[in-house]
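Colleague: need a 3D model of the sequence below.
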Amino acid sequence: MDLIVIMKRTFDTEDRISIKNGLIDEEEAEFIINPYDEYAIEEAILLREKHGGEVKVVTVGDEEAEKELRTALAMGADKAVLIDTEDVDVELDHFSIAEILTSYLKTQDFDMILGGNLAIDDGSGQVAPRVARKLDINLVTTITKIEVEGDKVTIERDVEGDVETVETTLPVLVTCQQGLNEPRYPSLPGIMKAKKKPLETIDYDDLDLEEEDIQAKSKSVELYLPPERTAGRVLKGDMEEQAKELVELLKTKSKVL
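Modeller: Numbers count the residues shown, from 1 in each chain. As a prediction, this is how the structure comes out:
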């Protein structure tokens, strides 16, 4: 199977994050592979181990993303591709990224494209569905199990707290989430091998695109950190007294009643 994973480099939301001039201060942020994309990389590797073939990881960004691509190679991917947009002079958004990825992917052979269900930095979940539509291939989101037999694909996915079973055919694009697998950590041998695996850089100018084709369709109006949590309050007394005090606090402090 020819498997392609679309990956995003995101800042680590468990690390310290600061806002500077209305943007994430990248000098202070720690960047990682989007955790949902790790499930996609792991599942692609598992499918290759079962069915043979090749795993290629693709991302859009600048040369800083090479670190995350090398991590994907150390996990077990065979090849990596960076589509370099450092010199792009227009604003980019989810539409832009999908257009860039589609322009590249339509020149590639693939049986399946895998991506994360969403990115932890913005939580939009837009890019993968946009790519599937532009490529005019099948799309199944939020998958938790996948089996491939020939061209037939059987998938389980989360649906409002329940499980839906979907049957489709290759080629297909799927988005992955927690519960699908347990992503492996790069081993020392894997890290050493990753240094020799191919990492190709493609300038967006090499794609069949003009800057006006990828101009953002949306913009961020404001970016801010959530307010700091205040200390909690422990109610005392018997249950009746606590209930009365709680109702009063909900009326006067929280103003939800």
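Colleague: helices along the chain, start to end?
Modeller: All helices of the chain, identified by DSSP state H, fall at 35-51, 66-75, 94-105, 127-135, 188-194, 239-252.
Colleague: what's in contact with the last one?
Modeller: Right, the one you point to is helix 239-252. 233, 235, 236, 237, 256, 257 (C-beta atoms under 8 Å, 6 or more residues apart in numbering). For glycine as for every other residue, the C-beta is placed from the backbone atoms N, C-alpha and C.
Colleague: most neighbours among those residues, which one?
Modeller: residue 235 (12 neighbours; other C-beta atoms under 10 Å).
Colleague: sheet partners, orientation included, of the longest strand anywhere in the chain?
Modeller: Of all segments of type strand in the chain, defined using DSSP state E, the longest is strand 138-149. Within its sheet, and counting by DSSP bridges, strand 138-149 is paired with strand 152-159 (antiparallel), strand 172-176 (parallel).
Colleague: sorry, back to before: can you put the helices of the chain in TSV and add mean pLDDT?
Modeller: Below are these laid out as TSV (pLDDT from 0 to 100):
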stretch	mean pLDDT
helix 35-51	96
helix 66-75	96
helix 94-105	95
helix 127-135	96
helix 188-194	91
helix 239-252	88
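Colleague: in TSV: those, plus distance to residue 172 and mean neighbour count.
Modeller: Converted to TSV, these look like this (distance: least, C-beta to C-beta, whole Å; neighbours: other C-beta atoms under 10 Å):
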stretch	distance to residue 172	mean neighbour count
helix 35-51	12	21
helix 66-75	21	22
helix 94-105	13	21
helix 127-135	8	20
helix 188-194	28	13
helix 239-252	49	12
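Colleague: residue 181 is nearest to which of those helices?
Modeller: Distances from residue 181 to each of those were compared by C-beta to C-beta, and the smallest falls on helix 35-51, at 4.8 Å.
Colleague: for the longest strand of the chain, buried residues please.
Modeller: With burial defined by 16 or more other C-beta atoms under 10 Å, the residues of strand 138-149 counted as buried are 138, 139, 140, 141, 142, 143, 144, 146, 148.
Colleague: so which of these comes closest to residue 98?
Modeller: Top of the list for closeness to residue 98, among those and by C-beta to C-beta, is residue 139 at 12.5 Å.
Colleague: what angle sits between the longest strand of the chain and helix 35-51?
Modeller: Relative orientation of strand 138-149 with respect to helix 35-51: 40 degrees, computed using axes from the mean of the first three to the mean of the last three C-alpha atoms, to 10 degrees.
Colleague: angle of strand 138-149 against helix 127-135?
Modeller: The directions of strand 138-149 and helix 127-135 differ by 90 degrees, with the same axes, to 10 degrees as the criterion.
Colleague: got the contact list for strand 138-149?
Modeller: For strand 138-149, contacts defined as C-beta under 8 Å, 6+ apart pick out 1, 43, 47, 50-51, 112, 117, 125, 128-129, 132-133, 153-159, 163, 166, 168-177, 179-180.
Colleague: quick check: mean pLDDT across that strand?
Modeller: Predicted confidence along strand 138-149 averages 96 (mean pLDDT).
Colleague: the residue lying closest to residue 89 once chain neighbours are set aside: how many residues sit nearby?
Modeller: The shortest distance from residue 89 to any non-neighbouring residue, by C-beta to C-beta, 6 or more residues apart in numbering, is to residue 211 (6.3 Å). If you count neighbours by other C-beta under 10 Å, residue 211 ends up with 12.
Colleague: likewise for the one 5 residues further on?
Modeller: Applying the criterion other C-beta under 10 Å, we find 14 residues in the vicinity of residue 216.
Colleague: surely it and residue 93 touch.
Modeller: Yes - between residue 216 and residue 93 there is a contact under C-beta atoms under 8 Å: 3.9 Å.
Colleague: how's this structure carved up into domains?
Modeller: As recorded under automatic domain parsing, the domains making up the chain are 2-213, 230-257.
Colleague: per-residue pLDDT, the closest residue in space to residue 11 that isn't next to it in sequence?
Modeller: Across the structure, with C-beta to C-beta, 6+ apart as the measure, the residue nearest residue 11 apart from its sequence neighbours is residue 29 (4.1 Å). Model confidence at residue 29, expressed as pLDDT, equals 75.
Colleague: understood, closing this out.
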